[in-house]
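# need a 3D model of the following:
(chains A and B)
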2 protein chains.
Amino acid sequence: MGLIVAFDKGGVDEAAALVGKLCGVVDGFKVGVPFLLANGAASAGALREKCPSALWVADLKLADIGYVMGLTASIVAPFFDAVIAHGFVGYEGGLDELKRLLDEKDRKLIVVASMSHPGAAKTYDKVLGEVLEAIEAAKPWGVVAPATRPSIIRLVRERLGNTVKILAPGVGAQGARPGEALCAGADYEIVGRAITGSENPVEAARRIIEEQRKTLSSCRGAGQP
Amino acid sequence: MGLIVAFDKGGVDEAAALVGKLCGVVDGFKVGVPFLLANGAASAGALREKCPSALWVADLKLADIGYVMGLTASIVAPFFDAVIAHGFVGYEGGLDELKRLLDEKDRKLIVVASMSHPGAAKTYDKVLGEVLEAIEAAKPWGVVAPATRPSIIRLVRERLGNTVKILAPGVGAQGARPGEALCAGADYEIVGRAITGSENPVEAARRIIEEQRKTLSSCRGAGQP
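Predicted structure coming up:
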């Protein structure tokens, strides 16, 4: 259906146990900088062992010159399938170098096109066109666009076509309803606290998947399952 | 004189030895994400022990919603005096929350106003005014502006006044000459590979400080030492 679970905090044992339970239920796991800094990048290896078949995304939100983003990506590459960087850093001397390095290591690049908090409206949004140009030049595997802003998801899909994957965070705690981003054209919805903070995370995930299915079938119309 | 040494990679023992040698020669140390991810955030504690009196900057280049930036900053706060975040995330729901958290922990916020690589000219530079507005709202202790672009350093100094510290990376490997950024109004120049990659890092640092002094005295005119 397209569901990725986000880990931002907590210890390795707790997270590994959760990954084991959710493996086969969800499609992937996104691990954030707070978790990786607290536990070290190699800790992601212990998580990955519990579900090697899932999509593993390092949510580093890289935003540096190409040389430094490359150094950082190299450190997490053994444990992840994909790495997230910011479109805001631009292409030349930024995303270009990172993309080359990830290609060499056979890892996927995912680029943030837009953020969901109010402050970004005055900065990120104002150069959305330029950010999308940088993304087109970088040819990433995936793009991040907020679930809370379906119009941006639609724009990314129109502009970049069907080959790129769209990942939409902001479902649950940040306010978007499960399935809304999929309706707008996203491939994956990213859910954090609504699953990881639940008393029964597997049940919470199943409920979200069921909601995604319902929302998607109603937005696509009765004729299309 | 205003010299901060940047560590982006390497092991803890090697870096700690280098810190021990450079302590008292330079003013501070900036530790990058690659180092912290490879060695875990707590590794910075071992570095800091070798020179507790220096200014310790966590160069996280945070660029996320306020909640996640706050989580990340909390993890490094025990080992650092200051944390670097990106101005392009904006204020509301971004830098505002991070600033509040750092104030609570009695730690300094440093915000990136501009980057030096060509790709940023099409994104970051186009919203420099908005980024500076976000920085004015956040009232950080310091601002990062590239040594390779003295006009931006002058603009930041004019706009934000003398209370804010300006930190200028890009000296050495990236092309700026020692002292140029100080002449433009920066308080600290940040040097990485030209010191950490040198056969004799202490001598390299002393040579850079001497160059800073000469450049600064010539740009300030003979009358001002």
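# so what's A:Asp81 closest to, chain neighbours aside?
A:Trp56 (4.9 Å; CB to CB, 6 or more residues apart in numbering or on different chains). Where C-beta positions appear, they are placed from N, C-alpha and C, glycine not excepted.
# using the three-state scheme, assign the one you found.
Three-state assignment for A:Trp56 (DSSP: H, G, I helix; E, B strand; the rest coil): strand.
# what about the closest residue to A:Ser43 other than its chain neighbours, distance to chain B?
Spatial nearest neighbour of A:Ser43, excluding adjacent residues (CB to CB, 6+ apart): A:Val12 at 4.7 Å. To chain B, A:Val12 is 11 Å away according to CB to the nearest CB, to the nearest Å.
# coming back round to it: quick one: the residue nearest to A:Asp81 and A:Glu49 touch, right?
No. Using CB atoms under 8 Å as the test, A:Trp56 is too far from A:Glu49 to be in contact (10.9 Å).
# of those two, who's got more company?
Per other CB atoms under 10 Å in any protein chain shown, whichever of A:Trp56 and A:Glu49 has more neighbours is A:Trp56, with 24 against 12.
# middle-most residue in chain A, spatially?
A:Leu167 (4.8 Å; CA atoms, centre = their mean).
# follow-up on the earlier one: what residues are up against the residue nearest to A:Ser43?
A:39, A:43, A:46-47 (CB atoms under 8 Å, 6 or more residues apart in numbering or on different chains).
# can you pull out the helices in chain A?
A:12-22, A:33-39, A:43-49, A:66-76, A:96-104, A:128-138, A:150-160, A:180-184, A:193-196, A:201-219 (DSSP state H).
# quick one: the first one to helix A:201-219, angle?
So the one you mean is helix A:12-22. 50 degrees (axes from the mean of the first three to the mean of the last three CA atoms, to 10 degrees).
# would you mark the buried spots in helix A:12-22?
A:12, A:15-16, A:18-19, A:22 (16 or more other CB atoms under 10 Å in any protein chain shown).
# now stretch A:29-38: how far from the chain's centre is it?
Per CA atoms, centre = their mean, to the nearest Å, the displacement of stretch A:29-38 from the mean C-alpha position of its chain is 12 Å.
# what pLDDT, on average, does stretch A:46-66 get?
Stretch A:46-66 carries an average pLDDT of 97.
# list the buried residues of it.
In stretch A:46-66, counting by 16+ other CB under 10 Å, buried: A:47-48, A:50-51, A:54-66.
# off-centre distance for that stretch?
Counting by CA atoms, centre = their mean, stretch A:46-66 comes out at 10 Å from the chain centroid.
# end-to-end on it?
28 Å (CA to CA, to the nearest Å).
# how many other residues sit next to A:Ser217?
15.
# distance of it from chain B?
Taking CB to the nearest CB, one finds A:Ser217 at 31 Å from chain B.
# report how many residues lie close to the residue nearest to A:Leu132 when sequence neighbours are not counted.
Computed as CB to CB, 6+ apart, the closest residue to A:Leu132 that is not its neighbour in sequence is A:Arg159, at 5.5 Å. Using other CB under 10 Å, A:Arg159 is surrounded by 16 other residues.
# quick check, A:Arg159 in contact with A:Gly129.
No. At 9.3 Å, A:Arg159 does not count as touching A:Gly129 under the criterion of CB under 8 Å.
# what residues are up against the closest residue to A:Ala134 other than its chain neighbours?
Distances taken as CB to CB, 6+ apart put A:Tyr91 closest to A:Ala134, at 4.3 Å, once the chain neighbours are dropped. Going by CB under 8 Å, 6+ apart, A:Tyr91 touches A:133-134, A:137-138, B:119, B:122.
# contacting residues around A:Val202?
Counted by CB under 8 Å, 6+ apart, A:Val202 has contacts A:21-22, A:25.
# from chain B, how far out is it?
The value you get for A:Val202 to chain B, if CB to the nearest CB is used, is 24 Å.
# re earlier: OK, contacts around the residue nearest to the centre of chain A?
A:4, A:57, A:110, A:142-145, A:186-188, A:190.
# can you lay out the residues you listed as TSV showing distance to A:Asp96?
Listed next are these as TSV, based on distance: CB to CB, whole Å:
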residue	distance to A:Asp96
A:Ile4	26
A:Val57	21
A:Ile110	16
A:Gly142	17
A:Val143	17
A:Val144	19
A:Ala145	21
A:Ala186	26
A:Asp187	24
A:Tyr188	25
A:Ile190	26
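# which of these fall in strands?
If you go by DSSP state E, these have A:4, A:57, A:110, A:142-144, A:188, A:190 in strands.
# what's the closest of these to chain B?
Of all those, A:Val144 has the smallest distance to chain B: 11.1 Å, by CB to the nearest CB.
# A:Val164 is in contact with the closest one, correct?
No. Using CB under 8 Å, A:Val144 makes no contact with A:Val164, being 10.9 Å away.
# who has more neighbours out of those two?
A:Val144 (29 against 19).
# pLDDT at the more buried one, what is it?
Confidence score, pLDDT, at A:Val144: 98.
# partners of it in the sheet?
Taking DSSP bridges as the rule, A:Val144 bridges to A:Val112, A:Leu167.
# separation between A:Gly197 and B:Asp81?
As for A:Gly197, its distance to B:Asp81 is 32 Å (criterion: CB to CB, to the nearest Å).
# over to A:Glu180?
From A:Glu180 to B:Asp81 the distance is 43 Å (CB to CB).
# one more: A:Arg157?
44 Å.
# got it, and A:Ala41?
Relative to B:Asp81, and taking CB to CB, A:Ala41 is found at 24 Å.
# how about A:Ile209?
For A:Ile209, the distance to B:Asp81 - CB to CB - is 45 Å.
# same check on A:Val112?
Taking CB to CB, one finds A:Val112 at 29 Å from B:Asp81.
# the more surrounded of those two?
A:Val112 (26 against 18).
# quick one: that one and A:Val144 touch, right?
Yes. Using CB under 8 Å, A:Val112 and A:Val144 qualify as a contacting pair, with a distance of 4.4 Å.
# give me the common contacts of those two.
Shared contacts of A:Val112 and A:Val144, counting by CB under 8 Å, 6+ apart, come down to A:Ile84.
# next, give phi and psi for A:Phe80.
phi -130, psi 160 (degrees, to the nearest 10).
# mind listing what it touches?
A:31, A:44, A:48, A:56-58, A:107.
# A:Gln212 too?
A:1-3, A:178-179, A:182, A:189.
# same question for A:Val144.
Counting by CB under 8 Å, 6+ apart, A:Val144 has contacts A:84, A:110-114, A:166-169.
# neighbour-wise, which of the residues you listed leads?
A:Ala168 leads these on contacts (other CB under 10 Å) with 31 neighbours.
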